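> take this sequence and fold it.
(chains A, B, C, D, E and F, ligands or ions: 3)
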Amino acid sequence: MGNLLGLWQASGLYQMHVGQFVMILICLLLLFLAIRKGFEPLLLVPIGFGGILANIPGAGLALPAVENALAAGDPTVLAGLAELLGLGAWDSAKDIYNAYQSAGPAAHKLTALYAAEAGYHNGMLYNFYSVAIATGAAPLIIFMGVGAMTDFGPLLANPKTLFLGAAAQFGIFATIIGAVFLSANGIMDFSIADAAAIGIIGGADGPTAIYVSSKLAPDLLGAIAVAAYSYMALVPLIQPPIMRALTSEKERKIEMTQLRTVGRREKIFFPMLLLILVALVLPDAAPLLGMFCFGNLMRECGVVDRLSETTQHSLINITTIFLGLSVGSKLAADKFLDPKTMGILLLGIVAFGIGTAMGVLMAKLMNKFSKQKINPLIGSAGVSAVPMAARVSNKVGQEANPHNFLLMHAMGPNVAGVIGSAVAAGVMISMVTGMLQ
Amino acid sequence: MGNLLGLWQASGLYQMHVGQFVMILICLLLLFLAIRKGFEPLLLVPIGFGGILANIPGAGLALPAVENALAAGDPTVLAGLAELLGLGAWDSAKDIYNAYQSAGPAAHKLTALYAAEAGYHNGMLYNFYSVAIATGAAPLIIFMGVGAMTDFGPLLANPKTLFLGAAAQFGIFATIIGAVFLSANGIMDFSIADAAAIGIIGGADGPTAIYVSSKLAPDLLGAIAVAAYSYMALVPLIQPPIMRALTSEKERKIEMTQLRTVGRREKIFFPMLLLILVALVLPDAAPLLGMFCFGNLMRECGVVDRLSETTQHSLINITTIFLGLSVGSKLAADKFLDPKTMGILLLGIVAFGIGTAMGVLMAKLMNKFSKQKINPLIGSAGVSAVPMAARVSNKVGQEANPHNFLLMHAMGPNVAGVIGSAVAAGVMISMVTGMLQ
Amino acid sequence: MGNLLGLWQASGLYQMHVGQFVMILICLLLLFLAIRKGFEPLLLVPIGFGGILANIPGAGLALPAVENALAAGDPTVLAGLAELLGLGAWDSAKDIYNAYQSAGPAAHKLTALYAAEAGYHNGMLYNFYSVAIATGAAPLIIFMGVGAMTDFGPLLANPKTLFLGAAAQFGIFATIIGAVFLSANGIMDFSIADAAAIGIIGGADGPTAIYVSSKLAPDLLGAIAVAAYSYMALVPLIQPPIMRALTSEKERKIEMTQLRTVGRREKIFFPMLLLILVALVLPDAAPLLGMFCFGNLMRECGVVDRLSETTQHSLINITTIFLGLSVGSKLAADKFLDPKTMGILLLGIVAFGIGTAMGVLMAKLMNKFSKQKINPLIGSAGVSAVPMAARVSNKVGQEANPHNFLLMHAMGPNVAGVIGSAVAAGVMISMVTGMLQ
Amino acid sequence: MKENLWQQGLDLMLYGMGTVFVFLTLLVICTILMSTLLRRFLGEEPEPVVARVDTASAESVSPKTLAVIQAAIHAHRAKHQK
Amino acid sequence: MKENLWQQGLDLMLYGMGTVFVFLTLLVICTILMSTLLRRFLGEEPEPVVARVDTASAESVSPKTLAVIQAAIHAHRAKHQK
Amino acid sequence: MKENLWQQGLDLMLYGMGTVFVFLTLLVICTILMSTLLRRFLGEEPEPVVARVDTASAESVSPKTLAVIQAAIHAHRAKHQK
Ligand code: NA
Ligand code: NA
Ligand code: NA
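Ligands and ions are numbered 1, 2, ... in the order given. Presented below is the predicted three-dimensional model:
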């Protein structure tokens, strides 16, 4: 009888909190959007699935051993953990949980050892997160893969489009101010690190967003990644109205001359040049841009095709699977179902909008000073969201002028946007770390 | 001269124990069976080779740094380790070894640091084991790959065959009772955790068996994995006599109507449904079945084919190599050459037999209550051993009736058996962990 | 204003040391050689790129958290580290650095925890190095891949060529004496471990060289790997003059009879035989030769083609990328720009020369005792440098006699050289470890 | 202790086997329900498998393979037309 | 504290956006310089892309694929000649 | 200390080179023995390599590749027959 009761008490239905139920529904929605609507499925399928796993009641897949011990609630173990965290033995599990959250690496190590001694284990997704994201490895490897898949030809044919990629990053920084505003007015409670991590959604670049939030605001990582990928998928809905509002019919009709062909040597030298510039000017962006340039050099140099091939296929695919599941581990109810998430989603879409607008406006500004006119519609591609944003530029362009083929022209600012947000990420991590110390 | 003597004393011949010699012969036999007889070569080639490596005298490839230090026998180091393990400095290496084996994670960490300080290292296979199996990662990744390779079509076309997969799991639980019997009568010395781990051999599913025994009885893992894979390879010998004994000629001749085609949507919804059921009813099975469903969803959803492709090829192959070598590390003589291994091999084959019988009998029982008759020969496929057991059903069926094509019908219970043993694994890990605490 | 100054002080130009600048130039040279001149590009592209990353001023990508904390120079943190390392709080960062370098694993663990507590992180490349090389995993996996790519057919058709592979390893040991000579005369300051690690360059085998130096002289790993791969690329320049000088025109014209075809069974048994011999005679070579034989068995046994395929492609490519970047992390200026590097480069080329010469001379010696004459030009292939050295033998042979096809004949000593240097590596690691304890 | 082991073993068997059956029975019911609902409300899918395979193969055959095949076809045609 | 947050946010925006623009401006200058120098001193490359693709495809199609294709061609020819 | 280094170096050379030679000599002997025994007791293998390649290629060419090739052949035949 005791066993039957035990089984029922061990069942998910008995243990489920409302939050977990809601999160499972949200994750099912993500899977629906990914599978039926094609919302960035390569990431959102693993993220959504990981999110469901993270919210299975009683399984603790996304929790470290210490939190699993707290959930089990054995009084002796609780007392032991409380002591290690400098609390009294009579403190509640909630207090111990809070103390654990705010403790440093040393206390984490000690309590983890104690929990292991008591027979508790890290959940599977927690382990994946520790290896893939907490070390920074997975986003960097993805970035290397993206580098190996990127053709800088259009950018090299028209380097001025880098300015469009720069301007569109204003979405990032405007969003930081937005987060500060919400916080200063007591609507939300974002720290400066939170604000910076939220801002990076405006970079419209998944691995960059995950990398930055894993460094600055790991608790918000789930919401930030979901926002970033969802809005990237929504680019065809978000951008066109803004693009049309800011341009005249005549501007949208501007035809651009065909791009010159770019030699192989230029393509080999470019990642080296970018790396050297990073080394000289901006060491803080070295991990992201370094891996990006490395991937691109493998692609272009022509002598390591087998490495480049593997980077673009097996390696990036394997990493994507574990990155996605690990991000999913941050969709646990107690972290995601927070008013902050609403703020993040709201600020994220504002960031996309502002980035789009600034890209278009910068293109119009450049047209004031340059003889060779550029179609301002390619400015919106500066937010990144490769290659979706470039396709949107092309589509809106063809609506105005069916003979207008903007796709290749828009690829320039599109990849420039990747560089731009990686630069922004480097600056922000460095500045925020400095502010916190 | 001292050096020549040293070289001779460093040679394998000088250091070899009889046990190591015997284990090397056993591993060569495994390799022979795998290569010449086709016994599950994908696993048994790495396992057999890893087993030889683990038994190379003096190399300590399968040992942690502490055991390598014990084997080296430096008195100062021994004394230091003894002190850390709470023994007196005059205790023998054997005593220290035993104390180390029964010590908890904290003592392991401390002694490992001490051994590292003294210049000893973990063996290569020990490192592989720590990363691949002790974390649970490799079996789970393999399970994800198996999910990505599984077509649930036949099961969806005839869901009742799930009952066959359920019945065949009785082999698992009957074996537990068998192990308890041996232990209660003093013939062997199995704990309840050992018994559960041995029982899982009856699940006829390699990664599940490895996962369960890594959690419940790591010392028996080598024998359990070898038994599981060997008997899976022997399914064409083990099953037919039992199948024939339990069925009449008439029953074996039953022809089954062709399966209906199963739509893509059903195939997408099924892994989700299974996952939700696991979440609601059986959180303990979440790691295994979660990864299985994730793999299957990637396969069926149609929007992440590149991830599914990699999961089915590079990722599962890489994982298989390291899983196999890691299992091999548990074939070290002192662990494998134990009376328990004989018990495990004996109980394992009993488990296969009982599982087969129960599957067939369940099919006969279902025929009593259902108008649409099923050929009881497909019941034996419920043990798993995908796809061998289904092929055996087909072959025995064709012997009785050459027009009988049971293969697709047998695939239903076959994959049901995988789900069934994963469920059993979840229940057992949870219950046994509860019993031990 | 303070922020602008901060940004300038954070820039690479402000922080760059001359050494880092020089190292970046050297790495650019390596990339040039790899890309334009085809110098072992699969390794030298990642190594060169990793080297640039390691020398980006202020980024600390190749440094552990403790060294990053030292570089930051916060007085409180310095005092804390000094105390943990047994120094006074007033010791300089330089003193603390030196104490850290010479401290053992326990002190490293403690200080790492302290640095993490203070908010410092390991650099990306440092993490790659820890996982890929410090554990020994990456070179061993590469060796497994090389095994899976090696055809022992030519060696089996003419086993005597193993002697050529043995003789060419004299380059290794002569170089050790060279290093001892430089050290004994005060020209350099090499320990016996350094000397052994430098000697292994003469093995002309990249993963073996990296494996040995990671065990015996991690600080020299960068220079040793660069030397090994560069000289392997230079084999077509280094070897021919030596080969011509030591052979007469008549000897170079010797035609060799076509090799007999080697059956599949012999190819399956050979890796097993080699493994058994290693187990009985030379346990110290077990990791390297074990993985090599495992790869080769997977290739030849014919029943695990999918594992062999993955080993030869995805797995070895992924490992190569991280191995290369990790080696690059050892090209940090303070380790590479050392008089020792000059010594290593000098000794390395001597090692190649002596190995070449001994291979040729051994072939001539064998001709004195054997009826079936061998062309001494294939002796030079005994240094390894697969398949470059075998091609050089063929080319020099055809210069003397256009009807002379030595390629397949030279493949025998070529792969024998791989086995020979792995044996030498095993002996040296074991002996040197014994000498140091 | 020995009785304890028997007790534990029997517990494992009863509750374990019970859970397996209950879970798979639930799964049978839910699966039939799911299939019925899907087929009733969303209609039949005409030959979904074939459509799927086509997409997949078109997608995952690399341009290089296609190029080689085309080259082979051309080469063959050229030879053939001689 | 709140003023502090405003201050930090504005700092981030100004110096962050500034760095992005300065860095990308530098990159534009250096890229144009690089392209000019490369084209002036090393000359134009005639159709480098095409050449590249050929090498790549020839390199990475496995002998097995080629064998299968040849087999297919042979089979086809055999059938065709009947 | 310096004499010690010389001693260590010479030791390494003598015992190291010795081991390499002894080991490879053993390997030569065992290999010849193995080949002889295999060929005597198990007989010659007729053209084992060719057989091997066939199996391998048949095994590892994916159904998709085959499908594409067949499609190509069909397409070619269709064109050709016009
Ligand atoms: Na961006
Ligand atoms: Na099963
Ligand atoms: Na060698």
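> how about low-confidence regions in chain D?
Along chain D, segments meeting pLDDT under 70 span D:1-3, D:44-82.
> ok, now with 50
Chain D contains residues with pLDDT under 50 at D:1, D:47-61, D:80-82.
> check contacts around A:Gly136.
Applying CB atoms under 8 Å, 6 or more residues apart in numbering or on different chains, we find A:Gly136 in contact with A:Tyr211, A:Ser214, A:Lys215, A:Pro287, C:Met124, C:Asn127. Just so you know, the C-beta spots here come from the backbone N, C-alpha and C atoms, and that holds for glycine as well.
> stretch A:191-200 near chain E anywhere?
Yes: Stretch A:191-200 lies within reach of chain E by CB under 8 Å from any CB of the partner chain, at A:Ser191, A:Ile192, A:Ala195, A:Ala196, A:Gly199.
> typo on my end, it should be stretch A:203-213
No: using CB under 8 Å from any CB, stretch A:203-213 stays clear of chain E, with a minimum separation of 10.4 Å.
> what average pLDDT does that stretch get?
On average, the pLDDT along stretch A:203-213 is 95.
> next one: phi and psi at A:Arg260?
phi -70, psi 150 (degrees, to the nearest 10).
> meant to ask about A:Val22, not that
Backbone torsions for A:Val22, taken as degrees, to the nearest 10, come to phi -60, psi -40.
> and the one 4 residues further on, by the same measure?
The phi and psi values for A:Ile26, taken as degrees, to the nearest 10, are phi -60, psi -40.
> what is the burial count for it?
Close neighbours of A:Ile26, defined as other CB atoms under 10 Å in any protein chain shown, add up to 20.
> residue contacts, A:Val212?
By CB under 8 Å, 6+ apart, the contact set of A:Val212 is A:Ala196, A:Ala197, A:Ile200, A:Ala425, A:Met428, A:Ile429.
> and the second one, what does it touch?
Put plainly, it is A:Ala197. Contacts of A:Ala197 by CB under 8 Å, 6+ apart are A:Ala209, A:Val212, A:Ser213, A:Leu216, A:Ala217, A:Leu220, A:Leu221, A:Ile224.
> ok, now how distant is it from chain F?
42 Å (CB to the nearest CB, to the nearest Å).
> now do the first one
With distances taken as CB to the nearest CB, A:Ala196 is found 46 Å from chain F.
> let me see the contact set for that residue.
A:Ile176, A:Val212, A:Leu216, A:Ala217, A:Met428, A:Ile429, A:Met431, A:Val432, E:Leu12.
> could I have the buried ones of the contacts of A:Ala197 as ChimeraX selection syntax?
Buried residues among the contacts of A:Ala197 (16 or more other CB atoms under 10 Å in any protein chain shown), as a ChimeraX selection:
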select /A:209,212,213,216,217,220,221,224
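> tell me how many other residues surround the closest residue to ligand 2 within chain D.
Of all residues in chain D, D:Val20 sits closest to ligand 2, at 9.9 Å by CB to the ion. For D:Val20, the neighbour count with other CB under 10 Å is 27.
> for it, helix, strand, or coil?
helix (DSSP: H, G, I helix; E, B strand; the rest coil).
> contacts only, for it.
Contacts of D:Val20 (CB under 8 Å, 6+ apart): B:Ala166, B:Gln169, B:Gly420, B:Val423, B:Ala424, B:Val427.
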